[in-house]
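A.B. asks: Sequence below, structure please.
(one chain, ligands or ions: 3)
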Amino acid sequence: MKTSPYQPDQTNLAYSVGVTLDRFIKLKQSDFPFASGELSQLLRDIALAAKIVNRETNRAGLSNIGGAFGQTNVQGEEQQKLDVIANIRFMRALSKGGEVCAIVSEEEDEVIDLQNNSGKYVVAIDPLDGSSNIDVNISIGTIFSIYRRKTPVGSPVTTEDVMQPGNQQVAAGYVLYGSSTMLVYTTGCGTNGFTYEASLGEFFLSHPSIQAPKDGLIYSINEGLEYEWQTGIKNYVRACKERKFQSRYIGSLVADFHRNLLKGGIYLYPSTLKNPNGKLRLLYEANALAFLIEQAGGKASDGGGRILDIQPESLHQRTPLFIGSSAMVEEAEQFINIPESQITGISH
Ligand SMILES: O=P(O)(O)OC[C@H]1O[C@](O)(COP(=O)(O)O)[C@@H](O)[C@@H]1O
Ligand SMILES: [Mg+2]
Ligand SMILES: [Mg+2]
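C.D. replies: Ligands and ions are numbered 1, 2, ... in the order given. Reported below is the predicted structural model:
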């Protein structure tokens, strides 16, 4: 009897390209014997909010949702209207679902305590990443990290629940609103990518078990800040140029990360005079991408050590970030850690 060519791979149904996100979440839940379905539902809530934000980003140019909102956030950055809209959409989805007890958002000064003591999870979120690219139709994103609370369910949320190192994440991901819209996430069993089919309103598995190439030829850094870099960074970028690596920088972390995840490469945002601790935020940018890249075989460092082992001290703390193909991050770390006294060559 001839087997149907359309029969998905029974041995690994979850990984058959074309599986819907919903079905994938259901199938993967069986990987966690004690799973109660709350994390699965939380991932679905995030996917739903992503669909709504996707619709808003797609028509940003048509409606009056482009441009500045007229307020600054706790980082002192001017909020874009879409930053605020995305924040509201994700806040609603996360609070309605009932699984979340507290939220940390780039657009909120303080922790949002949902007074939902039955909520098991804490979410840290960058509702709209790449804000400087919103009005010019360049890819932007959303980044999220999920932790299980440390204090017992039913008790008030404490700092201990919110200030957890990245190695405590139970899930993390991003949405990329680009030429196509994708959701890429991990629950600690590999990194998988789903592409949104708007006409069907569904995310479909398109990139199962993503593996970041061990090495690459792409480096992503804002070279306009070169004069603010330490010598080790200058020397690393110089070495990339000498080897004719390609310089690619979109200015949206999610988009730069996604390209390098698939093609091989390194994204660098070092400390600068303006941002001595780097620009990117540990809790809702660096930790999520570090979990994803490690689950795909890559690396994420602050120049001195593993991003995921950093103990957070403040909600919006920043960190230098070197992330991507493992061999490239290791090499960048070597350049960064050569004591200035031993460095000869480049000086400006
Ligand atoms: O303009 P710069 O200094 O190169 O910074 C660009 C970086 O800042 C960010 O826009 C910061 O994120 P937000 O847009 O969420 O604030 C990253 O997406 C991007 O990689
Ligand atoms: Mg961001
Ligand atoms: Mg943002």
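A.B. asks: which intervals of the stretch 201-348 of the chain have sub-threshold pLDDT?
C.D. replies: Within the stretch 201-348 of the chain, the stretches with pLDDT under 70 are 340, 343-348.
A.B. asks: try 50
C.D. replies: 345-348 (pLDDT under 50).
A.B. asks: where along it do the helices fall?
C.D. replies: According to DSSP state H, counting those that start in this stretch, the stretch 201-348 of the chain carries its helices in the segments 231-242, 253-263, 287-295, 326-336.
A.B. asks: chain center to the shortest one: distance?
C.D. replies: A distance of 8 Å separates the C-alpha centroid of helix 287-295 from that of its chain, computed with Cα atoms, centre = their mean, to the nearest Å.
A.B. asks: Over to the longest one?
C.D. replies: Between the centre of helix 231-242 and the centre of its chain there are 26 Å (Cα atoms, centre = their mean).
A.B. asks: how far off helix 326-336 does it point, in degrees?
C.D. replies: 130 degrees (axes from the mean of the first three to the mean of the last three Cα atoms, to 10 degrees).
A.B. asks: host element of Asp161?
C.D. replies: helix 159-162 (DSSP states H and E).
A.B. asks: Give the buried residues for that helix.
C.D. replies: Buried residues in helix 159-162, counted by 16 or more other Cβ atoms under 10 Å: 161-162. Yep, even glycine has a C-beta here, placed from its N, CA and C like the rest.
A.B. asks: For it, which outside residues touch it?
C.D. replies: The contact list for helix 159-162 (Cβ atoms under 8 Å, 6 or more residues apart in numbering) reads 101-102, 104, 111, 122, 124, 147, 149-151, 315.
A.B. asks: Emit the PyMOL select command for whichever of the residues you listed are buried.
C.D. replies: In PyMOL syntax, the buried subset of the contacts of helix 159-162 is picked out as below (16+ other Cβ under 10 Å):
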select buried, resi 101+102+104+111+122+124+147+149+315
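A.B. asks: so who does Gly98 touch?
C.D. replies: When contacts are counted by Cβ under 8 Å, 6+ apart, Gly98 touches 116, 118-119.
A.B. asks: And the pLDDT for it?
C.D. replies: Looking at Gly98, its pLDDT stands at 89.
A.B. asks: Pull up the per-residue confidence for Val17.
C.D. replies: Residue-level confidence at Val17 comes out at 75, pLDDT.
A.B. asks: Surely it forms part of a strand?
C.D. replies: No: using DSSP: H, G, I helix; E, B strand; the rest coil, the secondary structure at Val17 is coil, not a strand.
A.B. asks: Quick check: beta-bridge partners of the closest residue to it other than its chain neighbours?
C.D. replies: Using Cβ to Cβ, 6 or more residues apart in numbering and skipping residues adjacent in sequence, the residue nearest Val17 is Leu205, 5.6 Å away. As for beta bridges, Leu205 partners with Phe194 under DSSP bridges.
A.B. asks: for ligand 3, what are the nearby residues on this structure?
C.D. replies: Within the chain, the positions adjacent to ligand 3 are 106, 126, 128-129 by Cβ under 5 Å from the ion.
A.B. asks: possible to save those as a markdown table with distance to Ala212, pLDDT and neighbour count?
C.D. replies: Formatted as a markdown table, those follow (distance: Cβ to Cβ, whole Å; pLDDT from 0 to 100; neighbours: other Cβ atoms under 10 Å):
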| residue | distance to Ala212 | pLDDT | neighbour count |
| --- | --- | --- | --- |
| Glu106 | 25 | 97 | 26 |
| Asp126 | 21 | 98 | 29 |
| Leu128 | 25 | 97 | 32 |
| Asp129 | 19 | 98 | 28 |
